[in-house]
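Asks: next come a sequence and a model predicted from it.
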Amino acid sequence: MSSSTVKLHDKEFAVYLQEEEIRQAILSLAFRINQEYAGKTPLFLAVLNGSFMFAGDLLKEITVPCEISFIKLASYQNTQSTGNVKELVGLNEDVTNRHVIILEDIVDTGHTVSVLLKKLQTLATTSVEIACMLLKPACLQHPLEIKYAALSIPNDFVVGYGLDYNGLGRNLRHIYKLKS
Ligand code: 5GP
Ligand code: MG
Ligand code: MG
């Protein structure tokens, strides 16, 4: 059992996307990736911390041979994207000639993922695509092609399922949005 509202620090959040809805979205995404990467061995590159739950659940549904590696980036303070992306743990995988799929928890302004894309574009990858659990299309400030978005949401601040509010909420099984 988990309740329909949670309090994290000073803020209240109400359930927004239930576990089952998240699961169905991940199954559809995995189905597409399995079809489109048939015969290939993609390297998933998950961006920590937020994508750990998404990466775990998605990867269990991937049936093509694949590898996974992690990098750690941070750009958010409180409930605002700062645009100042810090690399906390770098890429130590050889991505030469690899089909890379970036795994992000959420794409908001797109700053974080474009910094990572620019970096990968200087390396000799065969292809790079972006997969995210959540996309906020109204917030995008970069001309990015997000090929694999499990779910699109409005411009609300959300927590749960890997996403935090100042460190708390990553363990929640549903996705919650900030109460106004
Ligand atoms: P962007 O660089 O696209 O603006 O933001 C990317 C990162 O900011 C995400 O990977 C995530 O860590 C954080 N972020 C963006 N929107 C939200 C949100 O609604 N809730 C939470 N908890 N984090 C967010
Ligand atoms: Mg993230
Ligand atoms: Mg965060």
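Replies: That came through, no problem. Ligands and ions are numbered 1, 2, ... in the order given.
Asks: flag every residue of the chain that's near ligand 2.
Replies: With the criterion set to Cβ under 5 Å from the ion, the chain comes near ligand 2 through 47, 50, 105. Every C-beta, even on glycine, is put in place using the N, C-alpha and C of the backbone.
Asks: again, 6 Å this time
Replies: Selection of the chain residues close to ligand 2 by Cβ under 6 Å from the ion yields 47, 50-51, 104-105, 112.
Asks: what two of those residues are the furthest from one another?
Replies: S51 and T112 (10.8 Å; Cβ to Cβ).
Asks: mutual contacts of these two, please.
Replies: Residues touching both S51 and T112 (Cβ atoms under 8 Å, 6 or more residues apart in numbering): E104.
Asks: if we can go back for a sec, which among the residues of the chain next to ligand 2 end up buried?
Replies: Among these, those that count as buried by neighbour count (16 or more other Cβ atoms under 10 Å) are 47, 50-51, 104-105, 112.
Asks: just give me the least confident of those.
Replies: In terms of pLDDT, the lowest of these is T112, showing 89.
Asks: which residue ranges of the chain form helices?
Replies: Under the criterion DSSP state H, the chain carries helices at the ranges 19-36, 52-60, 111-121.
Asks: could you give the angle of the shortest one to helix 19-36?
Replies: Going back to what we said before, that points to helix 52-60. 50 degrees (axes from the mean of the first three to the mean of the last three Cα atoms, to 10 degrees).
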